[in-house]
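Engineer: Whatever this is, show me its structure:
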Amino acid sequence: MKSNRFIKLLDWYIIKKFLGTYVFAIALIISIAVVFDFNEKMDKFMEHEAPWTAIIFDYYMNFIPYFANLFSPLFVFIAVIFFTSKLAENSEIIAMFSTGMSFKRLMRPYMISAAVIAITTFMLGSYIIPEGSATRLNFEDRYVKQKKKSSVTNVQLEVDSGVIAYIDRYQNYNKTGNRFSLDKFVDKKLVSHLTARRIVYDTTTVNKWTIHDYMIRELDGLKENIIKGDKLDTIINMDPSDFLIMKNQQEMLTSPQLSEYIDKQRRRGFANIKEFEIEYHKRIAMSFASFILTVIGLSLSSRKTKGGMGLHLGIGLGLSFSYILFQTITSTFAVNGNVPPAVAVWIPNILYAFIAFYLYKKAPK
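Structural biologist: From the prediction side, this is the model:
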């Protein structure tokens, strides 16, 4: 069959070694991470009387896939460095080259393995893990540290085409906003201006608000009509979740939900969406990093050196940690600076792609 000619027995051997070592590295490092995390949060669990079923199933069963996916580039690097160094030490790679195999041909099973990991991490990070992250973050909010905002000030957003809402201060515990205004524009001209002392959200109905102590000024050229009242029930296309953004809320949304949320908030004039944009682009960039780091790892460890596996692992760990650190730094620049989120998350990939190309050229042929 054609597939048998493309993927040889040796390719299957390398693919199994690669993916097997990758899974083993995840199991080993995440086990250590769970122990340290539990030791750090144990007092909080006991203090808030978190049930063991919630600790295990709501928190750690979602903690493990989240962090495994987050540090996937590190595990890819470790896997490539570890088993390729063993192949080099046992002179297996030299034997492959002696049969006429080129370095480019040796890369085939590595790239297939990297593609499997990239697709898997992207699908997990974009569609599956966000649902588990919602459960994990809600657990942390209840039993570890509050992540949900209880109040917010200076809320301004476009609730409809040409309709701008403003709330001076909103408190979630009583669903009340103080000093509310609602301006309606037609052809960039103000036609209605509503002000109210307070506004209360009705949780029994979607987007229903009760306005207290209000005054409406209706403008028609030089004419002005004023309406006052004590109480008015109305539908306003906004929800407290639109401005009460939970810390790390972007991790709770699937990629389609993230895209929809970003477009919606951008239309409304919300500026606090950079973290959501970073998360959206990071999921793609992190998956693509599997190919870059695989090339770097293979190029470094395919040569038999005096330092052996220890030297390769040391260099590999240094590069992989620097990649994760660099990505964190560039993401911070995007949040706090003027770097576009899409550019910020791809800078590490671009830089390390040049490193991968240089090492590939220097690799044994």
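Engineer: quick one, phi psi at the most centrally placed residue in the chain?
Structural biologist: With the centre of the chain defined as its mean C-alpha position, the nearest residue by C-alpha atoms, centre = their mean is Glu279, 3.6 Å away. Backbone torsions for Glu279, taken as degrees, to the nearest 10, come to phi -60, psi -40.
Engineer: Just the local confidence number for the closest residue to it other than its chain neighbours, please.
Structural biologist: Computed as C-beta to C-beta, 6 or more residues apart in numbering, the closest residue to Glu279 that is not its neighbour in sequence is Gln250, at 4.0 Å. Using the backbone N, CA and C atoms, a C-beta is placed for each residue, glycine as well. The predicted local distance difference test score for Gln250 is 88.
Engineer: wait, what's in contact with Gln250?
Structural biologist: Shown in contact with Gln250 (C-beta atoms under 8 Å, 6 or more residues apart in numbering): Leu258, Glu275, Phe276, Ile278, Glu279, Tyr280.
Engineer: Can you tell me which of those residues lies closest to Phe122?
Structural biologist: Distances from Phe122 to the contacts of Gln250, taken as C-beta to C-beta, are shortest for Tyr280 (12.0 Å).
Engineer: in what helix or strand does the closest one lie?
Structural biologist: Element membership for Tyr280 (DSSP states H and E) is helix 274-301.
Engineer: And the next helix or strand past that helix?
Structural biologist: Scanning forward in sequence from helix 274-301, with DSSP H and E defining helices and strands, the next element found is helix 308-336.
Engineer: got the contact list for the nearest residue to Asn237 once chain neighbours are set aside?
Structural biologist: The shortest distance from Asn237 to any residue other than its chain neighbours is 4.5 Å, reached at Val159 (C-beta to C-beta, 6+ apart). For Val159, the contacting residues are Ala165, Leu182, Ile236, Asn237, Met238, Arg268, taking C-beta under 8 Å, 6+ apart as the criterion.
Engineer: now do 10 Å
Structural biologist: Applying C-beta atoms under 10 Å, 6 or more residues apart in numbering, we find Val159 in contact with Ala165, Leu182, Asn207, Ile236, Asn237, Met238, Asp239, Asp242, Arg268.
Engineer: Turn these into TSV, columns for distance to Asn174, secondary structure and neighbour count.
Structural biologist: As requested, the contacts of Val159 are exported to TSV (distance: C-beta to C-beta, whole Å; DSSP: H, G, I helix; E, B strand; the rest coil; neighbours: other C-beta atoms under 10 Å):
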residue	distance to Asn174	secondary structure	neighbour count
Ala165	19	strand	24
Leu182	20	strand	23
Asn207	18	coil	13
Ile236	18	coil	17
Asn237	22	coil	14
Met238	17	coil	20
Asp239	16	coil	13
Asp242	18	helix	17
Arg268	24	coil	19
